[in-house]
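K.L.:
Here you go, sequence then predicted model.
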Protein chains: 6
Amino acid sequence: MLKQAITKIKNWFPAPKVSAHCDGPCGVYDPAAARITAEAVVSMTKKIMALEAPNPSDKAANIAYQNTLSRYIAIKEEQAQKTKDDLLILWTDYFKPVHLEKYPDLHDTFWKAAKLCSACKVEVSEEHANELMDAVQKIHQMFWATKDKDVTFYKAS
Amino acid sequence: MLKQAITKIKNWFPAPKVSAHCDGPCGVYDPAAARITAEAVVSMTKKIMALEAPNPSDKAANIAYQNTLSRYIAIKEEQAQKTKDDLLILWTDYFKPVHLEKYPDLHDTFWKAAKLCSACKVEVSEEHANELMDAVQKIHQMFWATKDKDVTFYKAS
Amino acid sequence: MLKQAITKIKNWFPAPKVSAHCDGPCGVYDPAAARITAEAVVSMTKKIMALEAPNPSDKAANIAYQNTLSRYIAIKEEQAQKTKDDLLILWTDYFKPVHLEKYPDLHDTFWKAAKLCSACKVEVSEEHANELMDAVQKIHQMFWATKDKDVTFYKAS
Amino acid sequence: MLKQAITKIKNWFPAPKVSAHCDGPCGVYDPAAARITAEAVVSMTKKIMALEAPNPSDKAANIAYQNTLSRYIAIKEEQAQKTKDDLLILWTDYFKPVHLEKYPDLHDTFWKAAKLCSACKVEVSEEHANELMDAVQKIHQMFWATKDKDVTFYKAS
Amino acid sequence: MLKQAITKIKNWFPAPKVSAHCDGPCGVYDPAAARITAEAVVSMTKKIMALEAPNPSDKAANIAYQNTLSRYIAIKEEQAQKTKDDLLILWTDYFKPVHLEKYPDLHDTFWKAAKLCSACKVEVSEEHANELMDAVQKIHQMFWATKDKDVTFYKAS
Amino acid sequence: MLKQAITKIKNWFPAPKVSAHCDGPCGVYDPAAARITAEAVVSMTKKIMALEAPNPSDKAANIAYQNTLSRYIAIKEEQAQKTKDDLLILWTDYFKPVHLEKYPDLHDTFWKAAKLCSACKVEVSEEHANELMDAVQKIHQMFWATKDKDVTFYKAS
């Protein structure tokens, strides 16, 4: 059935177009963009977990705490969304039917990774944040393998 | 293989979460958002095709023509992107492994629809714009079927 | 006085232009966009009211609670803003002096609806959220009446 | 009829809230924001009119011309939209029923100004751009009059 | 060394281009945009400090408090970011090597002002918010001095 | 004078805060984000130069050409802006007075790089696009040197 689906999509796109991260055929794709924002998700999740609520009677400390906590949650949200956006650009624009033949779990890999981005918003979960990082690394490997290029996966943090 | 993939993802998400079009669990999903913007893509594509370039010697008419053409292209781009975004929210957040069992072509349907959004940006193609409209209608049917709700598909234009 | 105003504006726009939700003349207007986001405002307002603060001593539960509450408030804000934007596009771009003659309370209807969007941000008020929903439904009726088209008002949630 | 409408809205908002340009009660409203962007609309409109198409055989000059023209049109679009957004924030959030009593043409003033913003996008019209500038100046006067503050209207360009 | 740097940059930009707040050569720059948003930062900071946490047992009051506090923090964030963006546009696009000769502390003035914008996000500090306001006023003076134009600095709030 | 400026800023920020690419203290900075978008600027610039205008009498070809050219210019604009944003985040948030002592040309490096981003929008210049790429590479070296980390500079395209 998967093979049929590939054939159907292949026929539908007789001449695959080269487009890119920017919705144009600039040809510049790099999972590093998703890696940077996924790192931020991991970092913010850890920092939220590490925050200590101050004594309720210390008004200034409580305001500072609320300001920090609110911002961390908002940044986690924003960075998880950017990760999702960047991953889906790879899935919808870079990967072609020919890649699906080579990686039959292509769709599931991206579905799972996208759902992990959402999970990292809904929860404050170090486990899911780390799984997202792993998913990004897996996609990094798949991506560069399709280009026969060896690019080291590193973390900025 | 597909069944294995479903089982794997099901295990990975033991308790599917209810989230929504707004990245929150508001429970409000409606393919009508994607339908409205897809209609705009069709409309702008037709209007671009229908534009007549003025006589090169009529400066004012040429400026007006360029202004109109530039805007139509930019609006087509923006509306195709919004269609893509709204469809992918359905795919990543609304549809769950249980739906994949019922609709084994779920991934291909969305992959194709997303690629059609990109094609409608890259080209000025009435054929692809209409195919996008059909893809949105197909997703409308799938979506409301999962909710056992009968919602008529209509066009605003 | 209202009649004078209409005449003045009519003269000012001798040949009303057909534009649309997308700032282009795509002709695609549909209050369904505002209805979807207004539903999200109602939904988030209810979910915020239903949240129960955990025991202050349970750190993990408190972090999860803060994450959820912060997100719900941010989503309510965003969806109320989108509702406002979509309603104002109808008011400024779709409705023309000829409609003002037929609906003398056109301006007040939209002013009130826009102010309700702001009220739904400033407060967590189920009453105002429901009033916003009613305002959107009223605008839905007015809108489709001007097109002599019968479109059923439904809710996705 | 206008009076009835005012009474109705007044009852609906028994205690008008003080909100602001930022969707929060910061109390900071200033039509100068709309004035700056309206000036940009006037400026871009003039510059588009002043552009001279190069000889069709000079490829480099034509590319530079297209790049400049495209950007000017896009900037005009963006600045007209910002002007519209900023004016509508004044209308929906700053102005209250009490102001409507004092300025019965409040709604029409803003409707006309918003429609002028759209006209400045759709056309390359120095006349409409100048009318938009006048509308912004009129709103500047109305606004500061409600605050009994004398603020000189100036242009940055 | 500063002089060398100026010469180097001057050579690099043989014919300085006139661009503007809108990334186009509209010629419309006005520090008033940054002043309006900086005023909002000051206002929101004060309002956050003035909020009183309600009795923990009053659920409705606590929800209203959290809604207000969350929004104030988000608005402070947004307005500080806009201030930063608007200031940096002046620094990168308006100010030219010739101005650096006249104002050798040009870079430090903007660096400090930009860092103050970030500080106003990270903290709830009336002191830093006021320093940001002062920095904006200093830039207002520098800016209008380069244009030999006398524009009064005023506050909308 | 530079030393004085450093001392002044150092005193002003007695305890430099660690913030990040996301306006939060996630600690994740990576010039790779600016490198990816700068590559897109280079790529789009080359592709614009390589486009051949079709025969004026071939309407369909001309529409396709205008669609492609418009999109390339818009993408170049967007990617140059993102490059500018990402570079300025490094300058305003990552780099601290202590780095200015080590790199006295820090301000000039970023000013020049930011002005190059603007130049790449205003023009279709392969020379300036390549200079932007060089500027990004220089900043990559400076950045990783401050972290005593050896990260290879590569291009995705």
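P.N.:
Okay, I see it.
K.L.:
In stretch A:43-63, which residues are buried?
P.N.:
Using 16 or more other CB atoms under 10 Å in any protein chain shown as the test for burial, stretch A:43-63 gives A:43-45, A:47-48, A:62-63. For every residue, glycine as well, the C-beta is placed using N, CA and C.
K.L.:
residues making contact with that stretch?
P.N.:
A:64-65, A:68-69, A:72-73, A:75-76, A:79, A:120, A:124-126, A:129, A:157, C:59, C:62-63, C:67, E:48-49, E:51, E:53, E:124, F:20, F:22, F:24-28 (CB atoms under 8 Å, 6 or more residues apart in numbering or on different chains).
K.L.:
what residues does chain A put near chain F?
P.N.:
Chain A comes close to chain F at residues A:20-30, A:32-33, A:36-37, A:39-40, A:43-44, A:47, A:71-72, A:75, A:78-79, A:151-152, A:154, A:156-157, as judged by CB under 8 Å from any CB of the partner chain.
K.L.:
what kind of secondary structure is A:Ala129 in?
P.N.:
Taken by DSSP: H, G, I helix; E, B strand; the rest coil, the conformation at A:Ala129 corresponds to helix.
K.L.:
Give me the neighbour count for it.
P.N.:
Applying other CB atoms under 10 Å in any protein chain shown, we find 24 residues neighbouring A:Ala129.
K.L.:
so who does it touch?
P.N.:
A:38, A:41-42, A:45-46, A:120.
K.L.:
ok, these vs F:Asp86, which is closest?
P.N.:
Among the contacts of A:Ala129, A:Ala38 lies closest to F:Asp86 (CB to CB), at 16.6 Å.
K.L.:
so where does that closest one fall, helix or strand?
P.N.:
helix A:32-50 (DSSP states H and E).
K.L.:
mind checking how far A:Arg35 is from C:Ala80?
P.N.:
34 Å (CB to CB, to the nearest Å).
K.L.:
and what of A:Asp58?
P.N.:
On the measure of CB to CB, A:Asp58 and C:Ala80 end up 33 Å apart.
K.L.:
again, but for A:Pro56
P.N.:
31 Å.
K.L.:
Could you do A:Ala33 as well?
P.N.:
Taken as CB to CB, the span from A:Ala33 to C:Ala80 is 31 Å.
K.L.:
same thing with A:Lys82?
P.N.:
Distance from A:Lys82 to C:Ala80, by CB to CB: 23 Å.
K.L.:
So between these two, which is more surrounded?
P.N.:
Each of A:Lys82 and C:Ala80 has its neighbours counted (other CB under 10 Å); C:Ala80 has more, 27 against 19.
K.L.:
Local confidence estimate at A:Gln4?
P.N.:
pLDDT for A:Gln4: 64.
K.L.:
ok, now A:Ala20?
P.N.:
66.
K.L.:
Spit out the contact partners of the residue of chain A found nearest chain C.
P.N.:
Going by CB to the nearest CB, chain C is nearest to A:Ile73 of chain A, at 4.6 Å. Going by CB under 8 Å, 6+ apart, A:Ile73 touches A:44, A:48, A:124, C:66-67, C:70-71.
K.L.:
switch the cut-off to 7 Å
P.N.:
A:48, C:67, C:70-71 (CB atoms under 7 Å, 6 or more residues apart in numbering or on different chains).
K.L.:
Please, which helix or strand holds the residue lying closest to A:Tyr103 once chain neighbours are set aside?
P.N.:
Distances taken as CB to CB, 6 or more residues apart in numbering or on different chains place A:Met142 nearest to A:Tyr103, at 5.9 Å, with adjacent residues excluded. Here A:Met142 sits within helix A:126-146, counting by DSSP H and E.
K.L.:
Buried residues in that helix, which are they?
P.N.:
For helix A:126-146, using 16+ other CB under 10 Å, the buried residues are A:128-133, A:135-136, A:138-140, A:142-144, A:146.
K.L.:
List buried residues within the contacts of A:Ile73.
P.N.:
For these, buried by 16+ other CB under 10 Å: A:48, C:67, C:70-71.
K.L.:
Now that we have those, can you turn them into JSON lines and tack on secondary structure?
P.N.:
Supplementary listing: those in JSON lines, determined by three-state DSSP:
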{"residue": "A:Ile48", "secondary structure": "helix"}
{"residue": "C:Asn67", "secondary structure": "helix"}
{"residue": "C:Ser70", "secondary structure": "helix"}
{"residue": "C:Arg71", "secondary structure": "helix"}
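K.L.:
Switch the residues you listed over to TSV; also include distance to C:Lys102.
P.N.:
Converted to TSV, those look like this (distance: CB to CB, whole Å):
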residue	distance to C:Lys102
A:Ile48	54
C:Asn67	49
C:Ser70	44
C:Arg71	42
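K.L.:
So A:Gln79 versus chain D, what's the distance?
P.N.:
Applying CB to the nearest CB, to the nearest Å, the value for A:Gln79 to chain D is 23 Å.
K.L.:
Please apply the same query to A:Tyr103.
P.N.:
Applying CB to the nearest CB to A:Tyr103 and chain D gives a distance of 38 Å.
K.L.:
Check A:Tyr154 too.
P.N.:
For A:Tyr154 relative to chain D (CB to the nearest CB), the value is 37 Å.
K.L.:
Quick check: closest non-adjacent residue to that residue.
P.N.:
A:Tyr154 sits nearest to F:Val151 (CB to CB, 6+ apart), 6.4 Å away.
K.L.:
what do you get for A:Arg35?
P.N.:
A:Val136 (5.3 Å).
K.L.:
per-residue confidence for the one you found?
P.N.:
98.
K.L.:
and the residue nearest to the spatial centre of chain A, what element?
P.N.:
Closest to where the C-alpha atoms of chain A average out (CA atoms, centre = their mean) is A:Thr83, at 3.5 Å. Using DSSP H and E, A:Thr83 sits within helix A:59-89.
K.L.:
what's the average pLDDT for that helix?
P.N.:
Mean per-residue pLDDT for helix A:59-89: 98.
K.L.:
Equivalent analysis for stretch A:150-157, please.
P.N.:
94.
K.L.:
Which positions within that stretch qualify as buried?
P.N.:
Buried, per 16+ other CB under 10 Å, within stretch A:150-157: A:151, A:156.
K.L.:
ok, and what's touching it?
P.N.:
A:36, A:39, A:43, A:137, A:140, A:144, F:27-30, F:151, F:154.
K.L.:
right, and A:Pro31 touches A:Ile139 too?
P.N.:
Yes. Judged on CB atoms under 7 Å, A:Pro31 makes contact with A:Ile139 at a distance of 5.5 Å.
K.L.:
intersection of neighbour lists for those two?
P.N.:
In contact with both A:Pro31 and A:Ile139: A:Leu90, using CB under 7 Å, 6+ apart.
K.L.:
If we ignore the residues flanking it in sequence, what's nearest A:Glu39?
P.N.:
Using CB to CB, 6+ apart, the closest residue to A:Glu39 is F:Val28 (4.6 Å).
K.L.:
How many residues are close by that neighbour?
P.N.:
24.
K.L.:
any idea whether it is helix, strand or coil?
P.N.:
Once three-state DSSP is applied, F:Val28 turns out coil.
K.L.:
gap between it and D:Asn67?
P.N.:
Using CB to CB, F:Val28 is found at 35 Å from D:Asn67.
K.L.:
And the pLDDT at A:Gly27?
P.N.:
pLDDT, A:Gly27: 78.
K.L.:
quick one, phi psi at the residue located most distally from the centre of chain A?
P.N.:
Relative to the centre of chain A, the most outlying C-alpha is that of A:Ser57, 40.4 Å out, by CA atoms, centre = their mean. Main-chain torsions, A:Ser57, degrees, to the nearest 10: phi -80, psi -10.
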